[in-house]
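J.: This is the structure alone, sequence omitted:
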DNA sequence: CTGAAAGCGCTAACAG
DNA sequence: CTGTTAGCGCTTTCAG
């Protein structure tokens, strides 16, 4: 272990004071005679004193570490969110532990146990599911948690977007551009975020008197990226489809690949719309029309709120009452739709 | 803090034994009478005992946490590497702390200090530079470090690829396909990995009796993604350029964007080759010809080696002698070159 | 204003 | 085979 070289004891000896005095000046507490403070500070500097975070944590019951729980950092919305989390955590002197769960509840539970044993001070979780009782329980125990991406109910802090509305608006836009047979590349609809995007899609269709066709819905097969064959098959069968609404950008880009490999043109033969606006989406050919959600900001806001809760909790023994923050989204019109 | 509810003391009381006995059975040490073991295990289960990692860490001088230091998780090679690290860390019961440094040495030093105070057991670092003395010093102090992506010298464990050779082979392939005026989209050439790719590029050119033209090298301007304008301007000025060798995939994809916006066709007007083979590269239009490096494996191997070193170091007080593992790379021929 | 002492939860001699 | 004891490095009463 890279352990701190010198302890308070040695600083104390060198400064000719007691460890409690050292502790006090280093923590900036109480009144200290200016002279003692100076002696201690000098001694600390000379010895290159560095605090032992574990000892402090053991004593104080906190670690200045938070965790972020996500399905996988490989899913390109998460690098941006995680970066937001990490930036504000660092700025507030917290360190972040990254946990990939692959949507596997068992893996997640194991992690939670580990983290709890480690004494992390809070966590931002992007893996909430309807049945994630292990998470709601944390909250009940006054353990700081903030949800991102996925919302549960109004009892836990969350930074989210209005998935229904965003999808609804997006599909409405497609319709306004003259698309009539709009298929959907749908993520796991057990997850409310996709259920909501799905509902927005359907409602926009219905409102425009377009019939919703069950055959037009491509559903991801057990969390694998299966949209290339799905899309290929769908378009072979239904050449009347003129547009695909994908529930995230990677799915959109995958469908674009399939469409081009079929020799079809985007957007003149088929329009494609994504969701999320990950960075790569501006670069692909054609640049992807999509709905922007401020991923970095979601992460940053989540971390900020989390730390606010941690501090409040420490001082008051309970959490601030939950806040659900709904960030707005924007339609980004690029070239993959006509 | 989500703190473990019950301590060993309480388990001991319930089982009617001493804490040391509890400690022993829970750590599976020494010989324990079968009956005592049973009593303790039952008590622990009934009380839902969970160890306090900080206390253990304080006592033992280790934390079962490692860190990974990278420029930014936003750079798409890192999600894959980090995933590799995290997977093996988790499997060996380590937790990983993510540190983005933005190539900023000061930020990195602050992190290192923090991590050291926290008692992380080791770190994989992808941010090595020629002047990273703070890192070589760690190693000298027998602190486990393994480098990825960037190599320093043979005194520190590293999992890398042969950047020179890979670039050389790549450019040689381009030449074999008939390209004659090959420009390069070059990353920061202070970094050996880019210097090496650059050298490979030059040497392949020279060997084929193609003149190396300084005007053909686009250089990134202070770590910002500036290749779109760079590429646009270069091609406007030098319409004889028939191919671009980019030193990573994102730069390649950015150049592709610029090329298309100029109304040029890939690969018939201009070929483009990337480097890294990040996942998105197979999906873009046209699919990117590139050099694959096994990013996930690099991360996984780095973590495995790191943990090996941690364990060895704990037992022997010193590190295993350094090993530089050079993973092979593969040219992936797709459609962005003719 | 400062020191002594207790103790956070755990492990590891040491002594039976 | 098991209990007693000391102590990891720090903070925090409690007394001066």
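T.: Yep, it's here. Predicted model, so just to flag it, every value in this text is computed and none were measured.
J.: Just the angle for the helix or strand hosting residue A:90 relative to helix B:77-91, thanks.
T.: Assignment of secondary structure by DSSP states H and E places residue A:90 within helix A:77-91. Angular relation of helix A:77-91 and helix B:77-91 on a 0 to 180 degree scale: 80 degrees, by axes from the mean of the first three to the mean of the last three CA atoms, to 10 degrees.
J.: For the worst-scoring helix or strand of chain A on mean pLDDT, which residues meet the burial criterion?
T.: The element with the least model confidence among the helices and strands of chain A, by mean pLDDT, DSSP states H and E, is helix A:133-140, at a mean of 81. For helix A:133-140, burial by neighbour count (16 or more other CB atoms under 10 Å in any protein chain shown) applies to A:135-136, A:138-139. All C-beta atoms are positioned from the backbone trio N, CA, C, and that covers glycine.
J.: So which residues on the stretch 151-300 of chain A come close to chain B?
T.: Counting by CB under 8 Å from any CB of the partner chain, the stretch 151-300 of chain A comes close to chain B at A:253-254, A:256-257, A:260, A:279-280, A:282-285, A:287.
J.: And the furthest pair within those residues?
T.: Taking CB to CB as the measure, these reach their widest spread between A:260 and A:279, a distance of 21.1 Å.
J.: Need the per-residue pLDDT for whichever residue of the stretch 51-200 of chain A sits closest to DNA strand C.
T.: Distances from the stretch 51-200 of chain A to DNA strand C, computed as CB to the nearest atom of the strand, single out residue A:59 as the nearest residue at 3.6 Å. Per-residue confidence for residue A:59 comes out at a pLDDT of 91.
J.: The helix or strand harbouring it to helix B:53-60, inter-axis angle?
T.: Secondary structure from DSSP H and E places residue A:59 in helix A:53-60. Taking the same axes, to 10 degrees, one finds that helix A:53-60 is oriented at 130 degrees with respect to helix B:53-60.
J.: how about the helices of the stretch 201-338 of chain A, start to end?
T.: Chain-ordered helices for the stretch 201-338 of chain A, with DSSP state H, counting those that start in this stretch as the definition, fall at A:227-237, A:249-261, A:295-316.
J.: what's the most buried one of these?
T.: helix A:249-261 (a mean of 23; mean count of other CB atoms under 10 Å in any protein chain shown).
J.: Check which helices and strands that one is in contact with.
T.: For helix A:249-261, the packing partners by 3 or more CB pairs under 8 Å, 6 or more residues apart in numbering or on different chains; DSSP states H and E come out as strand A:182-186, helix A:227-237, strand A:243-246, strand A:271-273.
J.: residues in contact with the last one?
T.: Which is strand A:271-273. With contact meaning CB atoms under 8 Å, 6 or more residues apart in numbering or on different chains, strand A:271-273 is reached by A:170, A:173-174, A:177, A:179, A:242-246, A:252, A:255-256, A:259, A:266, A:288-291, A:336-338.
J.: what sits against residue A:314?
T.: Under the contact definition (CB under 8 Å, 6+ apart), the residues listed for residue A:314 are residue A:62.
J.: Tell me if residue A:198 really is in a helix.
T.: Yes - if the criterion is DSSP: H, G, I helix; E, B strand; the rest coil, then residue A:198 is within a helix.
J.: ok, it touching residue A:189?
T.: Yes - with contact defined as CB atoms under 8 Å, residue A:198 counts as touching residue A:189 (5.7 Å).
J.: Compare the two and say which is more crowded by neighbours.
T.: residue A:198 (21 against 17; other CB atoms under 10 Å in any protein chain shown).
J.: Walk me through which strands the helix or strand that the least confident helix or strand of chain A is followed by pairs with, and which way each runs.
T.: If you walk from helix A:133-140 toward the C-terminus, the next helix or strand you reach (DSSP H and E) is strand A:145-148. Neighbouring strands of strand A:145-148 in its sheet, by DSSP bridges, are strand A:122-125 (parallel), strand A:158-161 (parallel).
J.: hmm, back to that, name the surrounding residues that touch the least confident helix or strand of chain A.
T.: Applying CB under 8 Å, 6+ apart, the set of residues contacting helix A:133-140 from outside is A:105, A:108-109, A:112, A:123, A:125, A:128, A:145, A:152, A:155-156, A:319, B:2.
J.: before we move on, what about stretch A:79-93?
T.: A:64, A:66, A:68, A:70, A:73, A:95-96, A:98, A:124, A:126, A:148-149, A:278-279, A:295-304, A:307, B:72-74, B:76, B:78-79, B:98-100, B:107, B:111, B:114.
J.: Is there a quick ChimeraX command that grabs whichever of those are buried?
T.: One line in ChimeraX is enough to select the buried members of the contacts of stretch A:79-93, burial here meaning 16+ other CB under 10 Å:
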select /A:64,66,68,70,73,95,96,98,124,126,148,149,278,295,296,298,299,300,301,302,303,304,307 /B:72,73,74,76,78,79,98,99,100,107,111,114
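J.: roughly how far is the least confident helix or strand of chain A from the heart of the chain?
T.: 18 Å (CA atoms, centre = their mean, to the nearest Å).
J.: what's the angle from that helix to helix A:295-316?
T.: Using the same axes, to 10 degrees: helix A:133-140 against helix A:295-316 is 50 degrees.
J.: residue of the stretch 151-300 of chain A with the smallest distance to DNA strand D?
T.: residue A:157 (26.2 Å).
J.: burial of the closest residue in space to that residue that isn't next to it in sequence, as a residue count?
T.: Leaving aside its chain neighbours, residue A:157 sits nearest to residue A:146 (4.2 Å; criterion: CB to CB, 6 or more residues apart in numbering or on different chains). Counted with other CB under 10 Å, residues neighbouring residue A:146 total 28.
J.: Check residue A:20 too.
T.: Around residue A:20 there are 11 other residues, counting by other CB under 10 Å.
J.: which element is it on?
T.: helix A:19-27.
J.: got the end-to-end distance for stretch A:243-254?
T.: With CA to CA, to the nearest Å as the measure, stretch A:243-254 spans 14 Å from end to end.
J.: need the residues of chain A near DNA strand D, please.
T.: The interface of chain A toward DNA strand D, taken as CB under 7 Å from any atom of the strand, is made up of A:3-4, A:7-9, A:19-20, A:23-24, A:26-27, A:29, A:51-52, A:55-56, A:58-60.
J.: which of those count as buried?
T.: Buried members of the residues of chain A next to DNA strand D, counted by 16+ other CB under 10 Å: A:4, A:7-8, A:23-24, A:26, A:51-52, A:55-56, A:58.
J.: Would you mind splitting chain A into its domains for me?
T.: Taking automatic domain parsing as the domain assignment, the ranges for chain A are A:1-51, A:54-160+A:296-326, A:163-292.
J.: Please tabulate the ones you listed in CSV, including the columns distance to residue B:211.
T.: Supplementary listing: those in CSV, determined by distance: least, CB to CB, whole Å:
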stretch, distance to residue B:211
domain A:1-51, 50
domain A:54-160+A:296-326, 40
domain A:163-292, 31
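J.: neighbours around whatever residue of the stretch 1-150 of chain A ends up closest to DNA strand C, how many?
T.: In the stretch 1-150 of chain A, the residue that lies nearest DNA strand C is residue A:31 (2.5 Å; CB to the nearest atom of the strand). By the measure other CB under 10 Å, the count of residues near residue A:31 is 7.
J.: what sits against the residue of the stretch 151-300 of chain A at minimum distance from chain B?
T.: When CB to the nearest CB is the measure, the stretch 151-300 of chain A has its nearest residue to chain B at residue A:285, with 4.1 Å between them. Contact partners of residue A:285, counting by CB under 8 Å, 6+ apart, are B:256-257, B:260, B:284-285.
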